[in-house]
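K.L.:
A structural model of the following input is requested.
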Amino acid sequence: MAEERLSEATPVKKIGSLEDISRTVSMLAQPDSSFVTGTLIVVDGDFSLMNEMDRVMLDAL
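P.N.:
Reported below is the predicted structural model:
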């Protein structure tokens, strides 16, 4: 139940998986990504874009 509520609360409507993380790592390991340096890549299904009101509403569920 909590997993379902969390899934619905994220903008992409799912909880991330190991596959989601591994795809990002794989992309960064490709030669085409050789110019990507010193950056923070957030792989959280846009959860970090939620504002405080969204979090309050999620807690109320």
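
K.L.:
Taking the centroid of the protein, which residue is nearest it?
P.N.:
Asp44 (1.1 Å; Cα atoms, centre = their mean).

K.L.:
So, low pLDDT: which residues of this protein?
P.N.:
The model of the chain has pLDDT under 70 over residues 50-55, 61.

K.L.:
State which helix of it is the longest.
P.N.:
Taking DSSP state H as the criterion, the chain has its longest helix at helix 18-29.

K.L.:
contact partners of that one?
P.N.:
With Cβ atoms under 8 Å, 6 or more residues apart in numbering as the test, helix 18-29 has contacts from 33, 36, 41, 43, 45. For glycine as for every other residue, the C-beta is placed from the backbone atoms N, C-alpha and C.

K.L.:
Identify, from those, the entry nearest to Thr10.
P.N.:
Gly45 (4.7 Å; Cβ to Cβ).

K.L.:
The nearest residue to that closest one once chain neighbours are set aside: neighbour count?
P.N.:
Leaving out its chain neighbours, the residue that sits closest to Gly45 by Cβ to Cβ, 6 or more residues apart in numbering is Val12, at 4.1 Å. Neighbourhood size, Val12 [other Cβ atoms under 10 Å]: 12.

K.L.:
So Val12: helix, strand or coil?
P.N.:
What DSSP: H, G, I helix; E, B strand; the rest coil gives for Val12 is coil.

K.L.:
Next one: it from Leu6, what distance?
P.N.:
Distance, Val12 to Leu6, using Cβ to Cβ, to the nearest Å: 12 Å.

K.L.:
Ala60 versus the residue nearest to Ser33 when sequence neighbours are not counted, what's the distance?
P.N.:
In space, and not counting its chain neighbours, Ser33 is closest to Met27: 6.1 Å by Cβ to Cβ, 6+ apart. Distance of Met27 to Ala60, computed by Cβ to Cβ: 37 Å.

K.L.:
the more surrounded of these two?
P.N.:
The neighbour comparison of Met27 against Ala60 (other Cβ under 10 Å) goes to Met27, with 12 against 6.
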